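[1] the following comprises the amino acid sequence and a computationally predicted model.
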Amino acid sequence: MKSFAVVTIFPELFHAYFGMSIMKRAADKGLVRFGVFNQRDFAEGRHKVVDDYPYGGGPGMVMKPEPLFRAVEHVKSDGVPTRVILMSPQGRVFTQAEAKGLALDSGRLLFLAGRYEGVDERVLSLVDDELSIGDYVLTGGELPALVIIDAVVRLIPGALGDEESSAEESFQAGTLDFPHYTRPAEWMGMKVPEALLSGNHAEIARWRRKQALKRTLARRPELLEKETLSAQDMKLLKEIKEEEYGHD
Ligand code: SAM
């Protein structure tokens, strides 16, 4: 069972997300366990203060180190090997490749969700990894932690139902996903491509792969440069380039 833990001042956000859809199903199936720890429970005093003014002055508050040190110590006290991951816009940018790596990590993943101007720099001594979900600044680390946990849970075998699969999703197979259609076969003059209505599995697979390659070439060509393409992919790309530009 894969174990995820978070330390946060907003535990209810996590309970809400973990209590629905694929996250809930994965937990109900015993594939994952979620532990949500309230940072305030590790703060001292009647007011359970978790932030303080910055040394050196300036606007904003900083998350105090003591509650975070105590929370991490508490989570780790059961001896389960734990990777501590701080959410930070200054961290390494999270990708599907990172998600695959975290899904393979056999230990517990413990996420620290910052707030305010961030955490006291000394907290970094507790941290194995700093991850960012992109080059923008959010109000807190809760959404980034949920983004990462969601992406990792989807990759755990059995977390998605039989009818769903992560294997062909964008980035998994080195390309973007192919276009999807459902009924009706025609809507406002827009028709579902013939190949998908054919019932011919080989033809459908070929159409989908070709569309995935075409989309990736148009939107994210750099992904194809990193990928080792099969002879069939090369043939499809040649066809696409001839159709689009009249030559390959
Ligand atoms: N002062 C920090 C800076 O400029 O780097 C930004 C602090 S931000 C307002 C508060 C918290 O939100 C951060 O400590 C971090 O936990 C989280 N956060 C914000 N943007 C993020 C991002 N792109 N990726 C991951 N975490 C982020």
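    That came through, no problem.

[2] identify each buried residue in the helix or strand in which Phe34 is found, please.
    Using DSSP states H and E, Phe34 falls within strand 32-38. Of the residues in strand 32-38, Val32, Phe34, Val36, Phe37, Asn38 count as buried by neighbour count, 16 or more other Cβ atoms under 10 Å. From N, CA and C alone the C-beta is placed, and that goes for glycine too.

[3] just those residues now: which is nearest Ile156?
    Val32 (6.5 Å; Cβ to Cβ).

[4] I'd say that closest one and Lys24 touch.
    No. Using Cβ atoms under 8 Å, Val32 is not in contact with Lys24; the gap is 10.0 Å.

[5] identify all contacting residues around the strand holding Phe34.
    Contacts with strand 32-38, where a contact means Cβ atoms under 8 Å, 6 or more residues apart in numbering, come from 1-9, 11, 14-15, 18, 23, 26-27, 71, 74-75, 149, 153, 156, 159.

[6] including distance to the ligand and pLDDT, could the buried residues of strand 32-38 go into JSON lines?
    Formatted as JSON lines, those follow (distance: Cβ to the nearest ligand atom, whole Å; pLDDT from 0 to 100):
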{"residue": "Val32", "distance to the ligand": "21", "pLDDT": "98"}
{"residue": "Phe34", "distance to the ligand": "19", "pLDDT": "98"}
{"residue": "Val36", "distance to the ligand": "16", "pLDDT": "98"}
{"residue": "Phe37", "distance to the ligand": "15", "pLDDT": "98"}
{"residue": "Asn38", "distance to the ligand": "16", "pLDDT": "98"}
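
[7] adding distance to Leu104, write the residues you listed out as TSV.
    Compiled in TSV, the buried residues of strand 32-38 are given as follows (distance: Cβ to Cβ, whole Å):
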residue	distance to Leu104
Val32	14
Phe34	19
Val36	24
Phe37	24
Asn38	29
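
[8] and stretch 203-217, average pLDDT?
    Mean pLDDT, stretch 203-217: 97.

[9] what separates that stretch from the chain centre, distance-wise?
    24 Å (Cα atoms, centre = their mean, to the nearest Å).

[10] please apply the same query to stretch 61-75.
    Averaging C-alpha positions (Cα atoms, centre = their mean) puts stretch 61-75 24 Å from its chain's average.

[11] and stretch 190-201, by the same measure?
    Counting by Cα atoms, centre = their mean, stretch 190-201 is centred 32 Å from the centre of its parent chain.

[12] mind checking the end-to-end distance for that stretch?
    Terminal residues of stretch 190-201 lie 23 Å apart, using Cα to Cα, to the nearest Å.

[13] Pro157 and the ligand: what is the separation?
    Taking Cβ to the nearest ligand atom, to the nearest Å as the measure, Pro157 and the ligand are separated by 27 Å.

[14] helix/strand/coil for that residue?
    State at Pro157, reduced to three classes by DSSP: H, G, I helix; E, B strand; the rest coil: coil.

[15] average pLDDT for the lengthiest strand in the chain?
    Counting by DSSP state E, the longest strand found in the chain is strand 82-93. For strand 82-93, the mean per-residue pLDDT is 98.

[16] going forward, begin numbering at 3 instead of 1
    Sounds good: first residue 3 from here, last item strand 84-95.

[17] mind listing what's buried along that strand?
    Neighbour-count burial for strand 84-95, with 16+ other Cβ under 10 Å as criterion, is recorded at Thr84, Val86, Ile87, Leu88, Met89, Ser90, Pro91, Gly93.

[18] need the contact list for the second one.
    Shown here is Val86, whose contacts under the criterion Cβ under 8 Å, 6+ apart are Val74, Leu112, Leu114, Leu128, Val129, Asp130, Asp131.

[19] now the phi/psi pair for the fifth one, please.
    Taking degrees, to the nearest 10, you get phi -100, psi 140 for the backbone angles of Val129.

[20] looks like it contacts Leu114 (just checking).
    Yes. Contact criterion Cβ under 8 Å: Val129 and Leu114 qualify, at 7.2 Å.
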